[in-house]
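1. Fold the following for me, if possible:
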Amino acid sequence: MSDAPGSTPLPNEGRIRIAVILTSLALVIAAAVGVALVFRFVASERARDLRDWQVRLGIVADSRVAAVEGWLNSQWSEVGGVANNDSVRLLLTQLKLAGGNLGAVTDGAAQAEYIGNLLAVTADRAGFTAPILGPDVRANVKRVGVAGLAVLDIDGRTVVETRGTPSMDDAIKRFVVDAKKGSRALRDMTLDAAGKPSMAFLMPIYAVQGDPVASQQVGWVLGVKEVGSELYPLLKQPGTIEKTAEAELVRRSGAVVDYLSPLASGVAPLTLQLAISTADLAASAALAAPGGFGVKRDYRDHEVLYTSRAVDGAPWVLVYKVDRAEALADTDLRQRRLIEFFLLAITLVTVAIVAVWRHGASRRASAAATRYRVLADRFEHQGRFLRLVTDSQPNAIFIADEEERYRFANKKAADDAGVAAADLIGKTLAAVLGPEAAKRYTRLNRTALEDNKRVSAMHRVGEGRALRVLQSQHTPLQPTPDMPRGVLVVEEDVTAAITERERRERTLHKLVKSLVTLVDQRDPYSAHHSSRVAAVARSIAQEMGLDPVLVETAETAGNLMNLGKILVPPEILTKSGNLSEDEIAKIRDSLESGADVLEGIEFDGPVVATLRQCRENWDGTGRPLGLKGDAILPTARVVSVANDFVAMVSARAHRSGLSVDQAIGALMKGVGTRFDRGVVVALVNYLDNKGGRKVWEGGGPGL
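-> Okay, the predicted model is just below:
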């Protein structure tokens, strides 16, 4: 065949060179498109991770703001309780009518003394107390108070105050004078004479039988306290695992940001100020738009993910943040690995193309044919080996692609479906198993593919004697040359294990119930005490977010805490007179005796250890081992608080039960010595926010 006139045939090498150039150009374009797709995929993954972090940080921020607002409301409640006291209102009404002269008020001194006692009790309970600064010596040395409660007349003059109440200096006078009549006022956080964060709360007092309006106001209640020990622990979220997570309280003061809380870097509260205009400052963005979320820089100039919430009742914003390097470490690692993998793939392809072109078309074809044959043989051997291994397993194993079609199934999966393994390939799960039966797989398969992580689930199939409990694991598989993207499903029949576990749980529950009944019969004075302790312990453990096994442990230990009384002679338990020291010791030691009785019983959680540690104290002064702080099991700390609470609110033959508020007050006094603050706070939250107060003000469950 001849060329056209005037044309010059291209040599073979020229054609090869042009083909190489075109192939290289195509490879460059493919690489550019691939890199763009990789970055797009990574960007979408990062956006998803950011959404997840927005939710996670938001949950914690909402929780901490609720705790802070609850604390503020409790302060107003305490100060308001004094302002609404009838005796306080009566004295201030009479004092106003007497022109501010206490001596002209009938029994004025006695009324003032009574109110002084009321203020002292309230201040001690609510934390409006602090050591007075300066040496307590008989010398002309001025001592300075930093906390207290005071009742002021309408002109701001002190009528009655607790010991240690700060003097009416210019700052406090200006705060009282500037306060709007008929409205409560808050003096925001400042450093007091001791250099500690302090706040003041001002509540109006209205005349007896007067309306709560400015014209009927006759005085003020002023409360001043150091807030650090109560407020700042509320910023810490229990169970946080992120090392760089931190909650901050900030406010705007003119052109600067005030950091009100102690910082993780060691900076003390109210000592750090940054300009509101600081570039990319998370706190500035939080103050400008509370409730927002984003990536900014914190006071250490670290890049962080943050969210914020405004605090109702104070000019504060809570900022909750975590370092971006920690939060998005997995995302960044995936990006690097994807890019490295893609570049490696491009490099390998380029090397292969150059090698192929260098060896010529015929050798390329021969090499390709040999390579494909080797690959085919390898895939065949791998398939046989995979089937040999999986067919020997007692579990059903199969692979479904994104269209829910079988791509592989072992003998067990085929037998369960009633179809030969070879006939399953290519058929949909719904066509083989039926639409309803297939739903339990398709839903979990989609979740695994969407989240790109393994998911597990338990299924109950059948009824009565035919009931089976199946546990399936769904693992996403990335596409390969011979297999599209899909999900590996491994299903195990765990009926025997689950049935045995449920049988054992029923037996343990019956045993616990029988033992509690036996104790109640032997000790009628504390009948139902154990079951009530168990109910409170379960509520506290759930409020603390403990693991379900630990929740059950706390409840079971509460039920069994009085079991040792079966070893105490009945005449001691029912004795109406005073007990001897030996008799008291036998009852006190019955808790450990109960643990000894239960030592050989296998519980799911540390029930016996919990019973042994119920008398341990947070400060290490308890029995029998003198454990301290976190060395005490959380379940033991929970049962200890629950037992004391039930004992205090329950009526006995020789006394009536305390009120819920009185019991809470007693427990709070034991925080840091006998009790863990977190457990007591969880009990209070259960009582005030989860309906517990209504139950116990009615006498407790079952009464």
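2. What does the pLDDT read for E45?
-> In this model, E45 is scored at 79, pLDDT.
3. what does A4 give?
-> We have a pLDDT of 43 for A4.
4. again, but for G577
-> In the predicted model, G577 carries a pLDDT score of 61.
5. is it fair to say F201 lies in a helix?
-> No: with the criterion set as DSSP: H, G, I helix; E, B strand; the rest coil, the secondary structure at F201 is strand rather than a helix.
6. which ones are touching it?
-> In this structure, F201 makes contact with 75-76, 79, 184-187, 222-224, judged by Cβ atoms under 8 Å, 6 or more residues apart in numbering. (Glycine included, C-beta is placed from N, CA and C.)
7. Ok, G462 next?
-> G462 makes contacts with R468, as judged by Cβ under 8 Å, 6+ apart.
8. what's the longest helix in the chain?
-> Looking only at the chain and at elements set by DSSP state H, the helix with the highest residue count is helix 12-83.
9. buried residues in the next helix or strand after that one?
-> Once the chain leaves helix 12-83, the next helix or strand it forms, by DSSP states H and E, is helix 86-97. By neighbour count on 16 or more other Cβ atoms under 10 Å, the buried set for helix 86-97 is 88-96.
10. so can I have TSV of those residues showing distance to D301?
-> Listed next are the buried residues of helix 86-97 as TSV, based on distance: Cβ to Cβ, whole Å:
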residue	distance to D301
V88	52
R89	54
L90	59
L91	56
L92	53
T93	58
Q94	61
L95	57
K96	57
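11. Quick one: those residues as a markdown table, columns for pLDDT and distance to Q471 too.
-> Putting these into a markdown table (pLDDT from 0 to 100; distance: Cβ to Cβ, whole Å) gives the following:
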| residue | pLDDT | distance to Q471 |
| --- | --- | --- |
| V88 | 95 | 65 |
| R89 | 95 | 67 |
| L90 | 93 | 71 |
| L91 | 93 | 71 |
| L92 | 94 | 70 |
| T93 | 94 | 73 |
| Q94 | 93 | 76 |
| L95 | 93 | 75 |
| K96 | 92 | 76 |
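12. gap between the helix or strand harbouring A636 and the chain center?
-> A636 is part of helix 634-649 when elements are defined by DSSP H and E. Averaged C-alpha coordinates place helix 634-649 at 22 Å from its chain's average position (Cα atoms, centre = their mean, to the nearest Å).
13. pLDDT averaged over it, what's the number?
-> Confidence over helix 634-649 (mean pLDDT, whole number) is 93.
14. Packing partners of that helix?
-> helix 529-543, helix 548-560, helix 607-613, helix 660-669, helix 677-689 (3 or more Cβ pairs under 8 Å, 6 or more residues apart in numbering; DSSP states H and E).
15. Of all those helices, which one comes closest to V159?
-> Among the helices and strands packed on helix 634-649, helix 660-669 comes nearest to V159, with 25.8 Å by Cβ to Cβ.
16. hang on, the earlier thing: can I get the helices and strands packed on helix 634-649 in JSON lines including mean neighbour count, distance to A289 and mean pLDDT?
-> As requested, these are arranged in JSON lines below (neighbours: other Cβ atoms under 10 Å; distance: least, Cβ to Cβ, whole Å; pLDDT from 0 to 100):
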{"stretch": "helix 529-543", "mean neighbour count": "25", "distance to A289": "32", "mean pLDDT": "91"}
{"stretch": "helix 548-560", "mean neighbour count": "25", "distance to A289": "39", "mean pLDDT": "91"}
{"stretch": "helix 607-613", "mean neighbour count": "24", "distance to A289": "47", "mean pLDDT": "91"}
{"stretch": "helix 660-669", "mean neighbour count": "17", "distance to A289": "37", "mean pLDDT": "93"}
{"stretch": "helix 677-689", "mean neighbour count": "20", "distance to A289": "28", "mean pLDDT": "93"}
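17. got the buried residues for stretch 67-83?
-> Residues of stretch 67-83 classed as buried by neighbour count (16+ other Cβ under 10 Å): 67-69, 72, 75-76, 78-80, 82-83.
18. oh sorry, the question was meant for stretch 309-327
-> Taking 16+ other Cβ under 10 Å as the neighbour-count basis, stretch 309-327 is seen to contain the buried residues 309-311, 314, 316-324, 327.
19. Stretch 236-247 now?
-> 237, 242, 244-247.
20. Other residues contacting it?
-> Applying Cβ under 8 Å, 6+ apart, the contact partners of stretch 236-247 are 60-61, 63-64, 235, 261, 263-264, 302, 304, 318-323, 325-327, 544-545, 678.
21. do that again at 6 Å, thanks
-> Outside stretch 236-247, the residues that touch it by Cβ atoms under 6 Å, 6 or more residues apart in numbering are 60, 64, 235, 264, 320-323, 326, 545.
22. Among those, which pair sits farthest apart?
-> Most distant of those, by Cβ to Cβ, are D323 and G545, 23.8 Å apart.
23. and which of the contacts of F201 is nearest G622?
-> For those, the residue nearest G622 by Cβ to Cβ is Q75; the value is 31.6 Å.
24. returning to what we had before: G108: which of the helices and strands packed on helix 634-649 is closest?
-> Here helix 660-669 is closest among the helices and strands packed on helix 634-649 (Cβ to Cβ), at 30.0 Å.
25. What is the burial count for the spatially closest residue to G34 that is not a sequence neighbour?
-> If the residues on either side of it in the chain are set aside, G34 comes closest to F342, at 5.5 Å by Cβ to Cβ, 6 or more residues apart in numbering. Per other Cβ atoms under 10 Å, the neighbour tally for F342 reads 15.
26. do G418 as well
-> Here the number of neighbours of G418 (other Cβ under 10 Å) works out to 8.
27. quick one: contacts for it?
-> For G418, the set of contacting residues under the criterion of Cβ under 6 Å, 6+ apart is empty.
28. Look up how far L424 lies from it.
-> In this structure, G418 and L424 are separated by 10 Å, where distance is defined by Cβ to Cβ, to the nearest Å.
29. and if you look at K181?
-> According to Cβ to Cβ, K181 and L424 sit 83 Å apart.
30. So which of those two has more stuff around it?
-> The residue with the greater number of neighbours, taking K181 and L424 and applying other Cβ under 10 Å, is L424; the counts read 20 against 12.
31. Might you report the residue contacts of G545?
-> Here G545 is in contact with G239 (Cβ under 6 Å, 6+ apart).
32. That one belongs to a helix?
-> No: under three-state DSSP, G545 falls outside any helix and is assigned coil.
33. could you give the mean pLDDT of stretch 174-183?
-> Confidence for stretch 174-183, expressed as mean pLDDT, is 94.
34. One more: stretch 446-454?
-> For stretch 446-454, mean pLDDT rounds to 90.
35. Break the protein down into its domains, please.
-> Structural domains annotated on the chain: 84-231, 393-493, 498-697, as defined by automatic domain parsing.
36. Show me the one of those domains that comes nearest L37.
-> For L37, the closest of the domains of the chain is domain 393-493, at 14.3 Å, according to Cβ to Cβ.
37. Span of that closest one from start to end?
-> Using Cα to Cα, to the nearest Å, the span of domain 393-493 from its first residue to its last is 12 Å.
38. cool, and stretch 258-273?
-> Taking Cα to Cα, the first and last residues of stretch 258-273 lie 5 Å apart.
39. How far away from the center of its chain is that stretch?
-> 24 Å.
40. and the residue nearest to A285 when sequence neighbours are not counted, helix, strand or coil?
-> If you skip the residues right next to it in sequence, A285 has K296 as its closest partner in space, 5.5 Å away by Cβ to Cβ, 6+ apart. Using three-state DSSP, the secondary structure recorded for K296 is strand.
41. wait, what's in contact with K296?
-> By Cβ under 6 Å, 6+ apart, the residues touching K296 are 280, 282, 285, 306.
42. Just the buried ones from those?
-> Applying a neighbour-count criterion of 16+ other Cβ under 10 Å, the buried members of the contacts of K296 are 282, 285, 306.
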